[in-house]
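Engineer: I'll drop the sequence and a predicted model, then ask my questions.
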Amino acid sequence: MATSSKTRLVEEMQKQSGQDPNGCFQCAKCSAACPVTAAMDLLPHQVIRYLQLGLEEELANSKTPWVCASCFTCAARCPRDLDLARMMEGVRLVMLRRREGNKFGPADLTPEQLAKLPQQALVSGFRKYNK
Amino acid sequence: MPRTGVFICHCGTNIAGTVDIARAIDASRNFPGVVHADEYRYLCSEMGQDLIKNAINENNLDRVVVGTCSPRMHEGTFRKAAAEAGLNPYMLEVANIREHCSWVHRDIEEGTPKAIALLRAAAAKVALNDPLDSPELEVEKRALVIGGGIAGIQAAIDIAEAGYVVDVVEREPSIGGRMAQLEKTFPTLDCSACILTPKMVEAAQHPNINLITYSEVEEVKGFVGQFDVKIKMKARSIDPVKCTGCGVCYEKCPAKAPSEFEMGMTKRKAIYVPFPQAVPNVPVIDRENCLYFKKGRCQICAKECPPQAVDYEQQDQIIERRYGAIIVATGFDQLDPSSYGEYGYGQHPDILTALEFERLFNASGPTGGKVVRLSDGKPPKKVVFIQCIGSRDKARGMNYCSKICCMFTAKQAILLKEKVPDAKSYVFYIDVRTAGKGYEEFQRRAAEEYDVAYLRGQVGKIFPEGDHLVVHGVDSLSGKVVDIKADMVVLAAASIARADAPEVGRIVGINSDSYHFFNEAHPKLKPVETHTAGVFIAGACQAPKDIPDTVAQAGAAAVKAIGLLSKDVLKGEACTAIVNQAECSGCLYCEAVCPYNAINHIEIEERYHEEMHKRTVAEVNPSLCQGCGSCSVACRSGSINLKGFTNEQILAEVDAICLQR
Amino acid sequence: MRYRYFPGCTLKGQAKNMENTTMAAAHALGIELVELDQWQCCGAVYPLYEDELISLLSPVRTLAAAEGEPLVSLCAACHHVLKRAQELMQRNEDARHKVTDYLEVDYKGEGRVLHFLEVLRDDLGFDKLKEMIKKPLEGRKIAAYYGCLLLRPSKVMQFDDPENPTIMEDLIKALGAEVVKSPYRTECCGAYLSVSEEAVARDTVSKIINSAREAGAEALITACPLCRYNLENCVDQDGKEPVKVYYFSELLAEAMGLQFDQLMSKALERRRGKNGNQQ
């Protein structure tokens, strides 16, 4: 387990999101608040724990940041005033910029979905999960 | 010419490690007025003090500079030594070459010149020192305790037992405070009333204790030994001398209002005692809800009262009294969790705060001691306790740990199991904190013997569903999301300062932290003192704390007050401000900035061109002045000086530092 | 009451009826919504990563185009992006300089950025609205569904209490219908998971719908096209009478007594008129 205090992913994420994972005391309020934990392999508070421990590779392989829908419920209820939605976006963007993720593109959608989905959702989905 | 002696302390290696003592001694010998210089390993030791005393006598010194630690540490020690050698104690100055010098430098080449500069400044100042005398102040041998909870009661009993008269001012109609609301106390599970009411009665019956209930402190003036206090006694509408406490009045009273004591879960009458064991057992009329005061009709209580004690004409009264010492013991409040929308507190009758839940266990509580759901009267079979509601929460609540919740939750879970044997408790927690004698063992009993399930994690939201409350949370240890179909939810709401704590602090003249808890004078060494001499604090008004700590602190505050009251006179501050009235222009800026109301204005008469003229000038009351120096800074003509810190002395220090080398 | 109006792409596509009904209702209420000239996408996402400034170009261009007049949108997502972009422009001088220099616009974060619901609540007032209702929705049991984007983060959006909002319930009351409250009204619908993790989205949406039904609701109202898509397409209603989903504006127009064909023609007439005025 790589527990060197802060890896590059964490440093970059922290710089850009303004969120220091060490501010978290692992109360797991975020996980309790998150509406989509059923689709996650790591619970939201575990993502922060992994960031604290610098478990970069494990994070890179996790589904969770790509499941996060940026509903901001975690941030609204965090007692430490941390914005986990920003941290998740940070992890996603670092991965995307490393060209390690193209997680959601037009090819993933059926013609029926493409026809019925609101335009706004298509554009934001492609932007958020794609580069 | 002054004859000054300089003494430099090594403080082991604390100072000597970063200051070249020999060089500092050599330099000191050349300061103006210095006739003697010496060093010692620990100047504060008895040997060190003797060194100074002997040097004063042998060299006929009239002034002393010590280069040591901060004056806050040992100025008193050295002044006393100087006085023992026959000097006025104010003829000694401390150069702080430890905290201000050696501790902030690593390099001896940086530390040494700075130490020399500080010593030179002290020598320049001491050359201008004058002997000063402390005024003597009389001590009023009577104490005031504000707040009649367990802290105030304990402090009052301790002071009274030491032989001093003490007044206890309590806002509510009865003393007893928060502890009176509790059913049981942790970790022994003894009945709260059984251990509190004997103390309440003792306080009421003690010849030295005077209970002033249904009253508030309105104004505090004066200073240690002589606080002049105004207390407002709210009109009780009952003559306490006539009242026998029979209770007929509140049995017959037709008007109702939510009971404060029962957290609003049940009603009391408009004429009421807050709880059956109230002390004094004298009702009050709540005039806002009384039909007679509202509509001019009714008067049933007056008609029914056998000794005719009801008096609608009673007025608020102001008592003015002088006290030597004040103890503030105003207690705490429980945070209102309705600001945490996800828990739905206030929108569902089965979501309670811990204090509300506590009342359900009490035989005189809203359910007569039956632990049942307020929605349908059925005993709850699944109860979820949620910890840290508003505690450890810097986003929406308080950043601190409320300290008592882990224990009262374990207690309530145990009590629940005893009352409802087939009930199952779940506790969502962040950390379990049980520092205290017997506490950890108690909490483990809850988990091991009373089948309380502890889930490390928090609750996201409570979803009312039919008869149940679906508690959606996370157990972070297993990494599982859990949904518990609960019958009742108990919220461990944070302990917070009283809403009016800032106002009380302002009236009494003590300050508070960012959460409005009153500040102690030193976090370790002066835990019950405040920055205002003669005012002490005890109990949860200082920070959340349990009953044992509260009682211990109350005893400590009482000892401090007793120590004060046992003196006939106090030595006042010698370094007080003085007005040069010949130069004072009477602008009275000083009067406006003085935080101690120590400056007044007077009219003086003076001869000017053969005629007598009247003129307004400022005057300092030296017994009120605390020597803060605000006035001398504000004075535009430079005509107020602070003795011991005169403008001339300060400038001499500055010159000694800036003009040399 | 005059406002600049930003429709956003969905309002011209999937959510056409939200625009039509809103325009007609606004007209009847004396609220003038002047569509921005040559508007473009709102940016679709608000970048949570501070150096992702490229996503801010679109919304800042839109904000600047309002020329300091109050800017109204209908789509919850567009409003979210615009409101947060404005807040960043006010808060972060460095980002503001970079974006406005690139766009060559002068914008310092000024102007009110409003959702149409806020116009109804704060500028018109629900009491006034109630007086103007022609066909109150008496006996209809309606639940509000807020979703995420209007409410959170509440410090920036300042839309309503994030855990206990009331604006949509107050609207429902003003329309004469009966308010039904469900504890799931502020829970996320699952957003994009309806595409990538359908089973999970089905679960979250079904909870929202079924909880509203159990509370007695016959219909839900929402202000978000993606929420509506999920609530309609990603749900197991267990063969029960389906809970209908409306845009809030559809019920508003209905209660104002405006017929659909009327709506269409009025909306078209209005748009033609406005574009004419602007040129």
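Structural biologist: Now that the structure is in, tell me what you want to look at.
Engineer: is chain B contacted by the lengthiest helix in chain A?
Structural biologist: When chain A is parsed with DSSP state H, its longest helix is helix A:84-97. No - looking at helix A:84-97 against chain B by C-beta under 8 Å from any C-beta of the partner chain, there are no contacts, and the closest approach is 12.2 Å. For the C-beta atoms, the positions are set from N, CA and C on the backbone; glycine is no exception.
Engineer: so which elements touch that helix?
Structural biologist: helix A:8-17, helix A:44-53, helix A:64-67, helix A:73-77, helix A:119-129 (3 or more C-beta pairs under 8 Å, 6 or more residues apart in numbering or on different chains; DSSP states H and E).
Engineer: rerun at 7 Å
Structural biologist: Counting contacts by 3 or more C-beta pairs under 7 Å, 6 or more residues apart in numbering or on different chains; DSSP states H and E, helix A:84-97 is packed against helix A:8-17, helix A:44-53, helix A:64-67, helix A:73-77.
Engineer: so which bits of that helix are buried?
Structural biologist: Across helix A:84-97, burial judged by 16 or more other C-beta atoms under 10 Å in any protein chain shown covers A:84-96.
Engineer: quick check, the residue in chain C closest to chain B?
Structural biologist: C:Glu163 (2.2 Å; C-beta to the nearest C-beta).
Engineer: and that residue, what pLDDT?
Structural biologist: In this model, C:Glu163 is scored at 93, pLDDT.
Engineer: for B:Glu136, same thing?
Structural biologist: For B:Glu136, the predicted pLDDT is 87.
Engineer: burial check on the nearest residue to B:Pro622 once chain neighbours are set aside, number of neighbours?
Structural biologist: Leaving out its chain neighbours, the residue that sits closest to B:Pro622 by C-beta to C-beta, 6 or more residues apart in numbering or on different chains is B:Thr576, at 4.4 Å. Using other C-beta atoms under 10 Å in any protein chain shown, B:Thr576 has 22 neighbouring residues.
Engineer: which ones are touching B:Thr576?
Structural biologist: Listed by C-beta atoms under 7 Å, 6 or more residues apart in numbering or on different chains, the contact partners of B:Thr576 are B:Val620, B:Pro622, B:Cys625, B:Gly627, B:Lys643.
Engineer: by neighbour count, which of those residues wins?
Structural biologist: Greatest neighbour count in those, by other C-beta under 10 Å, goes to B:Cys625: 25 neighbours.
Engineer: which bits of the stretch 451-600 of chain B sit near chain A?
Structural biologist: Counting by C-beta under 7 Å from any C-beta of the partner chain, the residues of the stretch 451-600 of chain B lying close to chain A are B:Gly457, B:Gln458, B:Val459, B:Gly460, B:Lys461, B:His472, B:Gly473, B:Val474, B:Ser476, B:Gly479, B:Val481.
Engineer: ok, so of those residues, who is nearest chain C?
Structural biologist: Nearest to chain C among these, with distances taken as C-beta to the nearest C-beta, is B:Lys461, at 7.1 Å.
Engineer: which element is that closest one on?
Structural biologist: strand B:459-465 (DSSP states H and E).
Engineer: okay, buried residues for the next helix or strand after that strand please.
Structural biologist: Once strand B:459-465 ends, the next helix or strand along the chain (criterion: DSSP H and E) is strand B:468-475. For strand B:468-475, a neighbour-count test (16+ other C-beta under 10 Å) marks B:Leu469, B:Val470, B:Val471, B:His472, B:Gly473, B:Val474, B:Asp475 as buried.
Engineer: of all pairs in these, which one is the farthest apart?
Structural biologist: Taking C-beta to C-beta as the measure, the buried residues of strand B:468-475 span a maximum distance of 17.9 Å, between B:Leu469 and B:Asp475.
Engineer: let me have the contacts of B:Thr576 in CSV, extended by secondary structure and pLDDT.
Structural biologist: Formatted as CSV, those follow (DSSP: H, G, I helix; E, B strand; the rest coil; pLDDT from 0 to 100):
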residue, secondary structure, pLDDT
B:Val620, strand, 94
B:Pro622, coil, 87
B:Cys625, coil, 88
B:Gly627, coil, 91
B:Lys643, coil, 95
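Engineer: show me which of those is closest to B:Ala435.
Structural biologist: Scanning the contacts of B:Thr576 for proximity to B:Ala435, where the rule is C-beta to C-beta, the winner is B:Gly627, at 40.5 Å.
Engineer: doesn't B:Cys575 make contact with that closest one?
Structural biologist: Yes - between B:Gly627 and B:Cys575 there is a contact under C-beta atoms under 7 Å: 4.1 Å.
Engineer: got any residues that touch both of these two?
Structural biologist: Counting by C-beta under 7 Å, 6+ apart, the residues touching both B:Gly627 and B:Cys575 are B:Leu642.
Engineer: from chain C, how far off is B:Val633?
Structural biologist: The gap separating B:Val633 from chain C is 37 Å, by C-beta to the nearest C-beta, to the nearest Å.
Engineer: in a strand, B:Lys221, correct?
Structural biologist: Yes - counting by DSSP: H, G, I helix; E, B strand; the rest coil, B:Lys221 is part of a strand.
Engineer: send me the helix or strand containing C:Asp203 as CSV with only the CA atoms.
Structural biologist: Assigned by DSSP H and E, C:Asp203 belongs to helix C:198-214. The C-alpha trace of helix C:198-214 is given here as CSV (Å, rounded to 0.1, in the frame of the first residue of the first chain):
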residue,chain,number,x,y,z
GLU,C,198,-30.0,1.7,-15.3
ALA,C,199,-30.7,-0.6,-12.5
VAL,C,200,-29.5,1.9,-9.9
ALA,C,201,-31.3,4.7,-11.5
ARG,C,202,-34.5,2.6,-11.5
ASP,C,203,-34.1,2.1,-7.8
THR,C,204,-33.6,5.7,-7.0
VAL,C,205,-36.4,6.9,-9.3
SER,C,206,-38.8,4.3,-8.1
LYS,C,207,-38.3,5.3,-4.5
ILE,C,208,-39.1,8.9,-5.5
ILE,C,209,-42.2,8.0,-7.5
ASN,C,210,-43.5,5.3,-5.1
SER,C,211,-43.0,7.5,-2.0
ALA,C,212,-45.0,10.3,-3.7
ARG,C,213,-47.7,7.8,-4.7
GLU,C,214,-47.9,6.4,-1.1
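Engineer: export the buried residues of helix A:84-97 to TSV and tack on pLDDT and distance to B:Pro258?
Structural biologist: TSV is the format used below for the buried residues of helix A:84-97 (pLDDT from 0 to 100; distance: C-beta to C-beta, whole Å):
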residue	pLDDT	distance to B:Pro258
A:Leu84	96	40
A:Ala85	95	41
A:Arg86	95	44
A:Met87	95	45
A:Met88	94	46
A:Glu89	92	48
A:Gly90	91	50
A:Val91	91	51
A:Arg92	89	52
A:Leu93	87	54
A:Val94	86	56
A:Met95	85	56
A:Leu96	85	57
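Engineer: and these, which is closest to chain B?
Structural biologist: The shortest approach to chain B among the buried residues of helix A:84-97 belongs to A:Leu84, at 12.2 Å (C-beta to the nearest C-beta).
Engineer: using the three-state scheme, assign the residue of the stretch 201-350 of chain B found nearest chain A.
Structural biologist: Nearest residue of the stretch 201-350 of chain B to chain A, counting by C-beta to the nearest C-beta: B:Glu342, 6.4 Å away. Of the three states, B:Glu342 takes helix under three-state DSSP.
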